[in-house]
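Asks: Predicted model and sequence follow; I will ask about them next.
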Amino acid sequence: FPMKSENRKAIWNTEEVPEGCEFDDTWDPREQPEYQILFKQCVGTEDVFFGMSRKDPSTACCEDMVIKIKLPETEYSDIQLDLQDKVLDVRTPQKKLLLHLPYRVDSKNGKARFLSEEETLEVTMRVSRQFDFINL
């Protein structure tokens with residue numbers, strides 16, 4: 001079979017390497033923090049009362065993904081955050097979270113805020129999906 005790679009001695013193509021694997025460090029002793037993945041949906045009266053759109057409560061109809069990460073005893077300045085289209089990487093001196101996201105997101109326009117009273121980092125990302133019969 002013909003090889004697609006320009007370098008015939010390469011044992012894999014860059015397309016075969018999963019996104020975010022460069023962050024995976026199995027020898028890092030930091031523990032994983034508690035986290036939640038939540039989904040947000042924009043609805044109006046036409047959706048709730050009249051049922052005029054095809055939206056339902058499933059994640060397939062949600063526009064935003066929100067990840068809440070508990071980071072006790074952490075200062076805002078200690079948080080390192082890296083967001084890619086399918087991977088979220090959060091590191092502090094005590095905690096490490098490498099999360100492969102369930103949906104592709106718009107990594108250039110995400111928002112993060114640290115709620116110091118709750119010791120929680122909230123990362124909000126717009127889900128990037130192909131248009132289908134639900135998401136028009």
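Replies: Okay, I see it. Residues are numbered from 1 along each chain as shown.
Asks: Where does pLDDT dip in the chain?
Replies: Scanning the chain for pLDDT under 70 picks out the ranges 1-8, 12, 14-26, 43-61, 130-136.
Asks: can I assume Arg129 is in contact with Val105?
Replies: No - assessed by CB atoms under 8 Å, Arg129 is found out of contact with Val105, at 9.8 Å. All C-beta atoms are positioned from the backbone trio N, CA, C, and that covers glycine.
Asks: Mind checking which of the two has more residues around it?
Replies: Val105 (25 against 14; other CB atoms under 10 Å).
Asks: Backbone dihedrals for that one, please?
Replies: Backbone torsions of Val105, given as degrees, to the nearest 10, read phi -120, psi 170.
Asks: Might one say that it is in contact with Thr124?
Replies: No - between Val105 and Thr124 there is no contact under CB under 8 Å: 9.7 Å.
Asks: what residues are shared contacts of these two?
Replies: Among the neighbours of Val105, those also in contact with Thr124 (CB atoms under 8 Å, 6 or more residues apart in numbering) are Met65.
Asks: quick one, phi/psi of Ala10?
Replies: Backbone torsions for Ala10, taken as degrees, to the nearest 10, come to phi -70, psi 140.
Asks: Quick check: it vs Leu88, distance?
Replies: The span separating Ala10 from Leu88 equals 29 Å under the rule CB to CB, to the nearest Å.
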